[in-house]
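Participant: predicted model and sequence follow; I will ask about them next.
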Amino acid sequence: MFRLRYGTCLPVDHSTNANRGEIAARVIRTCRALQIPTVALYSVADGPNALHAKMADESYCIGTGPSATESYLLQEEIVQIAQDSGAQAIHPGYGFLSEHAGFCQHVSDTPGLVFVGPGPDAITAMGSKSQSKAIMEKAGVPTTPGYYGDDTQEPEQLRHEAVQIGFPLLIKAVMGGGGKGMRLVWKEEEFLEKLESCQRESQQSFGDSRVLLEKYLVNPRHVEVQIIADQHGNVVHLHERDCSLQRRHQKIIEEAPAGDLPMELRERLGEMGKKAALAAGYVNAGTVEFLLDTQQPDQFYFCEMNTRLQVEHPITECITGIDLVEWQLRIAAGEELPIREQANIPCHGHAFEARIYAENPARNFLPATGTVWHHTPPATPNGGMNPSSGIRVDTGIQKGQEVGVYYDPMICKLIVHDEDRPRALQKLVTALKDYQIAGVPTNIEFLVKCAEHDTFQTAGAIHTGFLNDHLEDVQVEEGESTPTLAAAIGAFASLLHLEGRYGIEDLGSARRNQMPWSSLSGSWRMGGPAVYDLELADGTSIKCTCHRDGSYDIFIGPYDEYHIDGTILSNGEMEVVVNKTKRISIKSKLHDTGDKFEIRMWPQHSEDYFWHVDVQNPINPVSQGAQSVIAGHGTVKAPMPGKISRINAKVGDYVKAGDILVVMEAMKMEHAIEAPVSGTVVEMHFKVDDVVQDGVDLALVQHAEVDEAEESEAIS
């Protein structure tokens, strides 16, 4: 049995993970390898069948509500569960309470409990952007110019300080991190509005509205150093990661080591990371983030220190062969670092991590919800790195799981490793295209476009302004038309489903055991071949004529015709022959909702790697007209599911087009919803704190032109 030592000898009978989802599953995996029984927590929204809850040896419901404040942020309850279950260690993961000094102190002060992470003093010092900058400056670590909020937080004074620093600049939550509580301001006129938004998000996310101001480096590279230190004064760095590909300050694809950095610069970065850790009196795993000035490539500046395990830690594990969670546990036990000489830290090959989110890139990356009805990633979920394929998948989701509005929309991490950057990058692209998930929209297509972009393919060419420069190249368009071949094969799959021919590989043998009028006879009728009229979800009409051999002539609209034959095995593998000349292998999955068939297809060895086709069920049809709701152009709809956090107008108010009417919060991010037209608010259907679904009507603005017309008519 592994023993944790933190001042005194504590036998570890259990370890509690004060988190959820992917990171909880990740910590549990290492604890299993160390034979440490684990205790998981789950909210009422996640439930006892959540993947991380089922992976643990024990799991307990925490809180009485679905939101984080009603569950995973309940410090007293977490500690009580740990004590009641006999656990002696609490691993905070990342997010939630992982960088909460008060929680760390509470755990450390509780007899018999160990906090797996740094001490509360280091968390406090590094959690304050202003205090951390002061510590780094004193230690000789370069920092960016700015105002750190020591004297005032008055809006007008902050605006004055902003003018002194110069624009563009960043407003950053003093206690923030992970892209939350951060606003980029390009000119003075927008400063106060963005200050208010940043302070509000900071208060909601971190319980502290204080901000600092920092000079914004245009298009820098974001390079961070993984450090780890024990209680005996030993500290090493585990090389660097390049996290420059970002959207709204959220990382998208990370790599290790940073591409195309001179060895001398890499060594300086590593040494500054170690110096930062020593200056903070740091113990356990942490990450020191730097911004590299692309105008002066040898200059870099301290950005912040994350006092926890990072989301992207797997790529460091790939190139070093070190299990960071195991080292965290051993350090918390009072052991020395397993490797104490910097020169002995390995660095082999190259690794990438892509973050897969439940979101809709075609709708400005709005968070998405839904039930995952199919999930087959390119490697065993939460099984660590597959040594033969070099692919790893860390995830907190499983088939049948609902993705809701209450937590971060990241649902999976895809990690790849190979001997060099080009091979690793090609492996990343291939693995993304092989990733099968259905039930919620994801950003996979966006990730593929980013990874395949010429700039990203070039080592060292990426910077934080990549999306500003190349958004049109990687943008995912909404409502892109379904290829007619995909529609034809989707219709064919729907017909085989209706005829009970799924899972039948040898149609001839199956027919010999059936009556002549069986559906296995291809829906043949005494008067000739059967004809099906199908309709896609977008209203496209499809006419299908059945042949005696089970094949179909399929007509898409007025012009496109295909002859489709083939089989679909019970596992969804399709072998179809198109026009009697081309054989296509496809991995597929069909979901019958009752009124439609949702068919998701992953063609093999094809330029297209994913098709999705929705076909109306001809037995239980819902017409396109019945599905669509024609709303007036003054209707304000919810662009995603979420909670109403602010309403800026009431019924009777006059608003201008572009005014922010409603602010919604979804998955810890704010989204402003503007008035579509100028006019009078005549309907407001919800109030603050209401939770609404995607697409519901929030309000109605009567267009000013309508008001004027009615007034003119009344006068006449």
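Facilitator: Good, I have the coordinates.
Participant: ok, now which ones touch the residue nearest to Asn364 when sequence neighbours are not counted?
Facilitator: Residue nearest to Asn364 in three dimensions, not counting chain neighbours: Pro639, with 7.9 Å by C-beta to C-beta, 6 or more residues apart in numbering. Glycine gets a C-beta too; all of them are placed from N, C-alpha and C. Counting by C-beta atoms under 8 Å, 6 or more residues apart in numbering, Pro639 makes contact with Arg363, Asn364, Leu366, Met664, His671, Ile673, Asp694.
Participant: top of those residues by number of neighbours, please.
Facilitator: Most neighbours among the contacts of Pro639, by other C-beta atoms under 10 Å: Met664, with 26 neighbours.
Participant: beta partners for it?
Facilitator: In this entry, Met664 is beta-bridged to Ile644, His671, by DSSP bridges.
Participant: for stretch 676-688, measure first residue to last.
Facilitator: 20 Å (C-alpha to C-alpha, to the nearest Å).
Participant: just the helices in the stretch 51-200 of the chain please.
Facilitator: Secondary structure of the stretch 51-200 of the chain (DSSP state H, counting those that start in this stretch): helices at 51-55, 75-85, 101-109, 120-127, 129-139, 155-165, 191-206.
Participant: equivalent analysis for the stretch 451-600 of the chain, please.
Facilitator: Secondary structure of the stretch 451-600 of the chain by DSSP H, counting those that start in this stretch: the helices cover 454-457, 466-474, 484-498, 507-512.
Participant: the ones you listed into a markdown table, with extra columns for distance to Phe103 and mean pLDDT?
Facilitator: Below are the helices of the stretch 451-600 of the chain laid out as a markdown table (distance: least, C-beta to C-beta, whole Å; pLDDT from 0 to 100):
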| stretch | distance to Phe103 | mean pLDDT |
| --- | --- | --- |
| helix 454-457 | 38 | 98 |
| helix 466-474 | 35 | 95 |
| helix 484-498 | 50 | 95 |
| helix 507-512 | 62 | 54 |
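Participant: what's the most buried one of these?
Facilitator: helix 484-498 (a mean of 24; mean count of other C-beta atoms under 10 Å).
Participant: now the residue nearest to Asn364, what's its secondary structure?
Facilitator: coil (DSSP: H, G, I helix; E, B strand; the rest coil).
Participant: what separates it from Gly233, distance-wise?
Facilitator: From Pro639 over to Gly233 the distance is 52 Å, taken as C-beta to C-beta, to the nearest Å.
Participant: can you check Asn306 too?
Facilitator: Asn306 is 22 Å from Gly233, by C-beta to C-beta.
Participant: same check on Ala258?
Facilitator: As defined by C-beta to C-beta, Ala258 lies at a distance of 28 Å from Gly233.
Participant: okay, those two: which has more neighbours?
Facilitator: Ranked by neighbour count (other C-beta under 10 Å), Ala258 and Gly233 place Ala258 first, with 25 against 10.
Participant: show me what contacts the nearest residue to that one once chain neighbours are set aside?
Facilitator: In space, and not counting its chain neighbours, Ala258 is closest to Asp242: 3.8 Å by C-beta to C-beta, 6+ apart. Contact partners of Asp242, counting by C-beta under 8 Å, 6+ apart, are Arg221, His222, Val223, Glu254, Glu255, Ala256, Pro257, Ala258, Gly259, Ile462.
Participant: what do you get if the cut-off is 10 Å, keeping everything else the same?
Facilitator: For Asp242, the contacting residues are 221-224, 251, 253-261, 292, 312, 315, 352, 459-460, 462-463, by C-beta atoms under 10 Å, 6 or more residues apart in numbering.
Participant: and the buried ones among those, selectable in PyMOL?
Facilitator: Entered in PyMOL, the line below selects the buried ones among the contacts of Asp242, by 16 or more other C-beta atoms under 10 Å:
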select buried, resi 221+222+223+224+251+253+254+255+256+257+258+259+261+292+312+315+352+459+460+462+463
